Each structure stands twice: as C-alpha cells, then as structure tokens.
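S.K.: below is the structure, and that's it, no one-letter string:
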C-alpha cells in the first residue's frame, strides 16, 4: 500500500474508534447518572460491570480478528488494543469499583498467558505493572480526575506497560514505522477520549446538581413539596401492589408569623432551617425508613414506612415536640422557644388516591391547631 492508502486507513480507523468510544463512554455515564431509568438506578453496579465486560469482550474479539490481517503490509495497527487500553482506564476512572479493576486485571492476565505465543520475564513484569496501575486508578480515581497531569501520567504508565506486554507476546518483527503509527494513534485517541470523558463528567455533575435543585427545598435543604407529592404517589402505588403500609405526619410551626414580625424574616429563615435540620435527623433516627419534607412556609412533613397504631403515632409526635422544646436560637433570641402542631394519618384500603392519606393528616393537623396548638392528633385505631 502507498502512503496515501495507509494514511486514509489510519484516519478512518481513528474516526471509527473515536465514535465507538464516545458512544460507550456516554452510555456508561448514563448508567451512573441521576436521569437513568428506575431499573438502571436499582441495578446500577451490576449493570455497569456487565456492560463493561461485554464491551471489552467485543474489543477483544475485534483484536483477535485484526490479528489475522498482515497489518504491517496493509497499514493496520493495533487499533482495538488502543481501545481496550482506553476502555479499561476510563471505566476505572468512572466507576472506581474494586471489582471492575479485578475483572480488568483478570482479562489482561488471560490475554497474556492464553493468547501469547511466548511468555517472557519482561512481559510478566509489564503485566504486573499494568495490573498495579489499573488497581491504583480505581483506588485514587477521585484524585486523578481533579488533576489532569496525574490523570495523563498514570494513563501513560498503564498504556506503556500494556504495549510492552503485547510486544513480548509474539516474536513477530515490528519496525519503527509500525511503532510510530501505533503510538501516534494511541496519543491522539487518548487525548480525544480522556478530554471527552472529562466533558461528560462535568456535564453529569451539572445534570445531577440541577436534578437535586428540583427535589430539594433551597432554604432548608430537605425534600420539597414536589418531591413529597411524587413519593406519596410512589408509596401509594406500592401499597396497592404489595400492601406495604406507610404513615404521614404533617406539622405546622405555631405562631410563626409572630416570629417573623418580631425578629424579621431573616431570623425566621434561621428558625425554619433549624427546624428542618432537627426534623431530618429525627426522621433518620426512627426505627423504620422515614423522610422529611418542607411543604411550604412553616409546614413540614414526614413519610414513614410503617403501619403505626394510635399510641405509636402519638408517641412519635410528642417525642418530636419534646425535642423541639429543647432547641435554642442564640443568633435570634436565646429565650425563643418554638412549638408545633402535628397531624398524622396512615394509608388504608378505602383510600382511592395518595392524596387521601395527606388530606386525612391535614385534617388532623387542623384539629390539633384548633384545640390550642402544640398538640398531636393521630388517626384513631379501627
């Protein structure tokens, strides 16, 4: 083949490889993103491992097919080996899972011992260096992605060790022209793919941040009203499907307008933030799964994954009121004591929608406030 044909083959091979790597990298970032489907989110780690292994199996098969061509004469280089090197490195940067590194190291060892025509001491040393470098990549992934120089440096060590290992697997002669094409292709692909990986990482960070903003109350940091409604629907659907019970507590801070009028709205915000913090910690400490929400203004809620009796619900509500009475606000007024009224309800077979439980809790909250505030009204036992 003349120079033009070799150059055309080289460029087309690079473009094809880059397109494939872009698709694979994008897919793996989607698997690990907050926008993935519920099934993917629930099975994220095994899916990442399975798809990663599948993609590398595809690359390995292509490497073996490529080996049947006389690439020195036809202009081919170890194109799929380059992709394998990049895939292993990027996967361990993305996932930083120990099992991913161990699977990759196992594949490298199988490739070296199972498909090489010879086993040399230098090749074994290169294999050990590649394995240690890959394991270090997943262990220090968070540090590597923050430092571009270290990220490229570790990749260079890994790539050099794998290429050295490959060169020791066969007695086939390779000239300087072959190595120039090989190293140039790897250098170009590494810059393109690692920089694209960095762009995807930043995009994922922004996407996850935006997703968080849509679910979290900006002032208090707990889940917002939209998330409350969504999770109420999910709990109700689960109840209809499996009978899993849940309860809703709705609380309202007593005389909050007086706090705003006396100390000002910035101080009122401090009170709300502290209330949300106490409520969230309280929900985490309950003996069952529970989440805290701000519904708006001075209204908050807890969804508890439990079928609570009247006595249990009353005890939980009163325990939170006792906790709240102990909270002080030195930055507002050391003498300020806040109280809240609480209504509770649980899901029942007669409910037609998720809002039925919420409405029942809201009615009980209203009754608690009408009875004099700083009270708990729980749903009576049947």
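M.R.: Now that the structure is in, tell me what you want to look at. All values derive from a computational prediction rather than experimental measurement. Numbering: from 1, shown residues only.
S.K.: what are the ranges of the strands in the stretch 101-250 of the chain?
M.R.: Listed from the start of the chain, the stretch 101-250 of the chain has strands (DSSP state E, counting those that start in this stretch) covering 247-253.
S.K.: so where's this structure uncertain?
M.R.: Scanning the chain with the threshold set as pLDDT under 70 gives 1-2, 6, 34-35, 66-78, 171-174.
S.K.: ok, residue 368 - contacts?
M.R.: The contact partners of residue 368, taken as CB atoms under 8 Å, 6 or more residues apart in numbering, are 341-343, 375-377. Where you see a C-beta, it was placed from the backbone N, CA and C, and this is true even at glycine.
S.K.: CSV for those, including neighbour count and secondary structure?
M.R.: Output for those, formatted as CSV (neighbours: other CB atoms under 10 Å; DSSP: H, G, I helix; E, B strand; the rest coil):
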residue, neighbour count, secondary structure
341, 25, strand
342, 28, strand
343, 27, strand
375, 20, coil
376, 24, strand
377, 23, strand
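S.K.: so can I have a markdown table of those residues showing distance to residue 198?
M.R.: Shown next, in a markdown table, are the contacts of residue 368 (distance: CB to CB, whole Å):
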| residue | distance to residue 198 |
| --- | --- |
| 341 | 51 |
| 342 | 49 |
| 343 | 50 |
| 375 | 56 |
| 376 | 53 |
| 377 | 55 |
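S.K.: which of those sits closest to residue 97?
M.R.: If you rank these by distance to residue 97 using CB to CB, residue 342 comes first, at 43.1 Å.
S.K.: checking my notes, residue 288 in a strand, right?
M.R.: No - using DSSP: H, G, I helix; E, B strand; the rest coil, the assignment for residue 288 is coil, not a strand.
S.K.: distance of it from residue 245?
M.R.: With the distance defined as CB to CB, to the nearest Å, residue 288 ends up 10 Å from residue 245.
S.K.: look at those two and report which has more neighbours.
M.R.: Ranked by neighbour count (other CB atoms under 10 Å), residue 288 and residue 245 place residue 245 first, with 16 against 12.
S.K.: that one and residue 348 touch, don't they?
M.R.: No - with contacts counted by CB atoms under 8 Å, residue 245 stays clear of residue 348, the gap being 9.2 Å.
S.K.: okay, now the domains of the chain?
M.R.: Residue ranges of the domains in the chain are recorded as 3-215, 225-377, according to automatic domain parsing.
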